[in-house]
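Colleague: Quick one: sequence plus predicted model below, questions after.
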Amino acid sequence: MKKQRSSFSIRKATESRLFFPLIAFALVLVIDLILVPNFFRIEIRNGNLYGSLIDILRNGSTVALLAIGMTLVIATGGIDLSVGAVMAIAASVAALMMNPWVVGKELTVELQRLVMDPTYTYSPFWLVILVTLFVATMCGLWNGVLVAYVRIQAMVATLILMIAGRGIAQLITNGVRIQIFYEPYAYIGQGWIVLPFALYLVAFIYALTWLFTRRTAIGMFIESVGINPRSSFFSGISERKIKLLAYTFCGFCAGVAGLVASANIKTSDANNIGLALELDAILAVVIGGTSMAGGRFSLLASIIGAMVMQAVNTSMYAIGVPAFALQAIKGVVVILVILLYSEQVRGFFQNIAASRKEI
Amino acid sequence: MLQAINIFVTKNRRFVPITATAILVVVAYIVGAILYPAMRNPQVFFNLFRNNAYLLISAIGMTLVILTGGIDLSVAGIVALTTVASAALLREGLNAWLVILLMLGMGTALGSIMGSFIAYLKVQPFIATLAGLWFARGMCFFISDDAIAIDNRIFKILGQTKLLIPGWTEIATSQGKPAPFISIFVVVAFILFGIAIYIAHYTRFGRTVYAIGGNEGRNEQSARLMGLPVERTKLLVYTFNGICSALAGICYSTFVASGHGFYATGFELDVIASVVIGGTMLTGGSGYIFGTLFGVLVLAITQTLIQFIGSLSSWWTKIVIGLLMLAFIGVQSVLAARKEGSKQIQDPQALAAARLRRRRQALAGSVVVVLVALAIVFVPQMRNGNGTETVVGTVCEVAPFREEEAASFLADGAVLVYNRTAGTPCVDELYAIYPDGRIVADNGTGNEPIEGQVDMAELERILITASDEYKWFTDNMFSTYHNPCRQCYAHYLTISYKGQAKGITAVDGGVDMQPEYGYTLSIIRPILPKFTVEP
């Protein structure tokens, strides 16, 4: 009896959505432990924590933010390729509002001094944040309308904004990279309260989303739409509104991520902010165990998935793999993860397990 | 009458997108030719093919992939890897033909690996090819971090041979104009085009490709039940696309005569866009390789028009392409809705409702198309109020930096030498500033150099700001010019101050240009004398 119970709890653990991402995270960390000296050392300076582990959390926060929104979209059976471009748009809007002078003009020296003043901002800070997030949410709404109401395939509909989005971001800043000197803004990406400020942002958005999806029926509706849109329609769930909501929220998350990313490098870099991050976000969700076909999802698992991606990055840098060559390794890791989840491989392992039991 | 048109359109529904694209190409070219007389030069037309041969090659392979309902994001990665690998192998002294064969083999191998993941292990095409993209791009940087120049006779012949157009040469020479020409790879692309059309429409394999795609994967199931070799066909399609990508990569490397891992960034999106604009449904099962040619031409003309307009930045290309995609996908979904509607609805009341809905959809679709057309025609006009033509010719031939000249100016005692090339008016300007504030500048046309004067205190301040505030002489500032972007300015700035001299290159919109570099330029630019624009 006792034995049965323990095996039951192991089974429960392995079936948990967090199990695989956590194992993967642990695996990467163990590799780091062996290969990178002082990887786990955490220093305390001015009451704040610093170290490689903290770096992983901090750098992973952008992808984690994207992954939260992406999880909901993928759970409805869709995909959002435009999040990277939306990040760039958000960064451009924010930078333009704080520092509109650089656009299209050659600055006088006095104006340049003013612009470089860390306390100077053209629009008030709260307005910058509000307008930026509003613009990003509108981008998400646009995707949602195309997918839910115009009935364009999700991948295609969001591909449009992915292609045009970076052009729009360039258009907003007139093709100039605006540097941001305003200190409170930089705090979003670079501030620390014991832990990096961006992490609190992730936690806040996560808590908000969790409350919305798990303490109301919305989460259930999303899963139901993802599993079978037709039958959820017949059971009275407004499939279109749920999809619209998911894409809009994904746009909002991309906006927050855009704020963090641009505050981190203190520039609106329309060409590079969020470049290829949509892929990182999708992979984070996939590592988190949400099926690309839609259905059941776990927000926390996606966030851990984002951290796994970042941990792989950080440890590769620590080992000394060149930054751009890293992509090759990422590609291989992705295929391995996908294969682990694929039904063919699972079926193969199940067959082995079944034949062992028979023996 | 209206009904007759309606019936005609419904009967030939499958040709509607391709016709729309063809009309768009013709209209865009005519509008361009009316607005910009320089565009009437036949060479501009042939350059559409010459500059986009690699896009056409890659789009042909992609069309087959999309017809099966899949997608291949790895093309850009394979193109970049081909440029780097062939450049590295040629540097080692390998035979050029052997290199080309090896590259095609590499494309085949990568394509078939991704294809087998997709066909046999049921990995989503999007994910599998994405991993392929990352893998290929990453491998570029394992081979080399920097751009490798290609200096090979055969590659030069392949890239630079001018094939004259029969019949055009006499006309051109009688008018005293240079004869229009195309390159070898245009011919290669069209041979591939012919082969692909044959494969798609006249072979069993081609029919299977069409049978697999469409209807959200249900057609694939039916194809399997009919006994068609679904898995093998998919594998072959991705392999074929791998070969096409490698061929496009070779074409690209003869075009730019170098190899680097950042080449063709975002190229996969251009390829997908040209396939979609060419009328192929992204869900698969419907579309023509022939349409892809027009899709490529639409992209090419968009780029050319934006270059001709001159005052528009290159990012307008992306916005226009996005809008065009939206319009075409809109048209497709309207057509799909018509098809569904005509099959299912019997009841007269529902029929009326459906007609109303269809009318609304058609209205919405046409509004989008009209808006896009208006945007294409008028936005450039608004942006370019005075309507001057700044660009004559087609693609800016980016002049190399005049580093030796700059060095001789420095030896002459200049404290600041600034060389600016390319850009929308396609310039090659060299400014030398001397300690006494004298500025000598020439724009590379062989004309008399112009002179300017700057306040000595101002110059001193600039030098101090650049070296102290912007840390010009630290290791933080390094050259970031990798590849020409033609529409952006490329800069080469040398500063000599207090016994230190350092020249750094960069390009506007460059991936890794330091902000400080931009600031330095922004304080230098106001003091430079202006060249009078020649009419």
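Modeller: On my side now, so go ahead.

Colleague: could you list every residue that touches the residue in the stretch 51-200 of chain A that chain B sits nearest to?
Modeller: Among the residues of the stretch 51-200 of chain A, residue A:164 lies nearest to chain B; the distance is 2.6 Å by CB to the nearest CB. C-beta: built from backbone N, CA, C; applies to glycine. Applying CB atoms under 8 Å, 6 or more residues apart in numbering or on different chains, one finds that residue A:164 lies in contact with A:85, B:318, B:319, B:321, B:322, B:323.

Colleague: okay, now the fifth one: neighbour count?
Modeller: Applying other CB atoms under 10 Å in any protein chain shown, we find 23 residues neighbouring residue B:322.

Colleague: so who does residue B:234 touch?
Modeller: Counted by CB under 8 Å, 6+ apart, residue B:234 has contacts B:68, B:70, B:115, B:118, B:119, B:212.

Colleague: Dump those residues into CSV; add pLDDT as well.
Modeller: Formatted as CSV, the entries for those read as follows, by pLDDT from 0 to 100:
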residue, pLDDT
B:68, 94
B:70, 91
B:115, 95
B:118, 92
B:119, 92
B:212, 92
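
Colleague: Show me which of these is closest to residue B:260.
Modeller: Closest approach between those and residue B:260, by CB to CB: residue B:115, at 27.2 Å.

Colleague: Residue A:183 - nearest residue in space that isn't next to it in sequence?
Modeller: Leaving out its chain neighbours, the residue that sits closest to residue A:183 by CB to CB, 6 or more residues apart in numbering or on different chains is residue A:118, at 4.3 Å.

Colleague: just checking, that neighbour is part of a helix?
Modeller: No - under the criterion used here (DSSP: H, G, I helix; E, B strand; the rest coil), residue A:118 is coil, not part of a helix.

Colleague: quick one on the thing from earlier: would you check the contacts of residue A:164 and say which has the weakest pLDDT?
Modeller: When the contacts of residue A:164 are compared on pLDDT, residue B:318 comes out lowest, with 80.

Colleague: before we move on, back to that, was I right about the residue nearest to residue A:183 contacting residue A:181?
Modeller: Yes - contact status for residue A:118 versus residue A:181: in contact at 5.3 Å, counting by CB atoms under 8 Å.

Colleague: More neighbours: which of those two?
Modeller: Between residue A:118 and residue A:181, counted using other CB under 10 Å, the more crowded position is residue A:181 (18 against 12).

Colleague: and residue B:222, how many neighbours does it have?
Modeller: Residue B:222 has 13 nearby residues by other CB under 10 Å.

Colleague: For residue B:15, see how far away it is.
Modeller: Relative to residue B:15, residue B:222 is positioned 24 Å away (criterion: CB to CB, to the nearest Å).

Colleague: Tell me the residue of the stretch 201-350 of chain B that sits nearest chain A?
Modeller: Among the residues of the stretch 201-350 of chain B, residue B:322 lies closest to chain A, at 2.6 Å counting by CB to the nearest CB.

Colleague: Helix, strand or coil: sort out that residue for me.
Modeller: At residue B:322, secondary structure determined by three-state DSSP is helix.

Colleague: Do I have it right that it meets residue A:163?
Modeller: Yes - applying CB under 8 Å, one finds residue B:322 in contact with residue A:163, separated by 4.5 Å.

Colleague: and the next element down the chain from the lowest-mean-pLDDT helix or strand in chain A?
Modeller: For chain A, counting by mean pLDDT, DSSP states H and E, helix A:2-15 ranks last in confidence among helices and strands (a mean of 57). Later in the chain than helix A:2-15, the nearest helix or strand by DSSP states H and E is helix A:19-35.
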